[in-house]
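Student: I would like to see how this sequence folds:
(2 chains)
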Amino acid sequence: SQQGEEDPQALSIQEGENATMNCSYKTSINNLQWYRQNSGRGLVHLILIRSNEREKHSGRLRVTLDTSKKSSSLLITASRAADTASYFCATLDTGRRALTFGSGTRLQVQP
Amino acid sequence: DAGVTQSPTHLIKTRGQQVTLRCSPKSGHDTVSWYQQALGQGPQFIFQYYEEEERQRGNFPDRFSGHQFPNYSSELNVNALLLGDSALYLCASSLRLAGGNEQFFGPGTRLTVL
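Tutor: Numbering: from 1, shown residues only, chains lettered A, B, ... in the order given. Take a look at the predicted model:
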């Protein structure tokens, strides 16, 4: 079963705009990770945020984590057409070593 | 340094048949996890292998089984295929000591069951 929901399910923006995706989860976690998937192929790891962290940056990516609300957000700044992909959050639950994925957000960046 | 590789890329089977998918982990990784991704959904965890044993299992029936070899490569076997088994099957490798952080995914095997 899926861990939680991602919001929105689909997002279409213009190149240069910012894209924000949200993820909610249900259990106690060790960390939360964001992955990107192009055209139904393999997943690419983007960023990991630990349960004791509130915000993390990597290049044009900014991730926040609110463990009290069991939610996370991924912000992609100054988007590019190459950012077009599906984005998934995944949690590593306490006591487990396997990831539980959300349902994903499909991002379309128009050139 | 090769990443995670999977074979075959695509596979077409009929209901009731059996299938074997293969995965070679990233160099230096000792743990392999398998995920099933239905169209339009997020991946779902099938099971994880470490030291040639199944260590964790998701909510999948016994028709799904696996194996890990001494060189850390792994196989996923599915018996008595159903139409609903049509999906992208993803293999991910990681280092046990890393505790499940940052799993590296292969390109997947697209299985179609007719």
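Student: Specify the beta-bridge partners of the residue most central in space within chain B.
Tutor: In chain B, the centroid-proximal residue (Cα atoms, centre = their mean) is residue B:34; its distance is 3.1 Å. Per DSSP bridges, the residues bridged to residue B:34 are residue B:47, residue B:91.
Student: That one and residue A:66: what is the separation?
Tutor: 31 Å (Cβ to Cβ, to the nearest Å). Heads up, the C-betas are built off the backbone N, CA and C, glycines and all.
Student: Can you give me the pLDDT of residue B:15?
Tutor: On pLDDT, residue B:15 comes in at 98.
Student: pLDDT below threshold where in chain A?
Tutor: By pLDDT under 70, the low-scoring segments of chain A are A:1-4.
Student: for chain B, same thing?
Tutor: Short version for chain B, where the test is pLDDT under 70: B:1, B:98-100.
Student: Which positions in it make contact with chain A?
Tutor: Residues of chain B lying near chain A by Cβ under 8 Å from any Cβ of the partner chain: B:4, B:31, B:33, B:35, B:37, B:39, B:41-45, B:48, B:55-56, B:58-59, B:88, B:90, B:92, B:94, B:96, B:99-108, B:110.
Student: Could you tell me which of the residues you listed are located in strands?
Tutor: In this view, the residues of chain B next to chain A that belong to strands under DSSP state E are B:31, B:33, B:35, B:37, B:44-45, B:48, B:55-56, B:88, B:90, B:92, B:94, B:104-105, B:110.
Student: Of these, which pair is most distant in space?
Tutor: Across those, no pair lies farther apart than B:55 and B:110, at 26.5 Å, counting by Cβ to Cβ.
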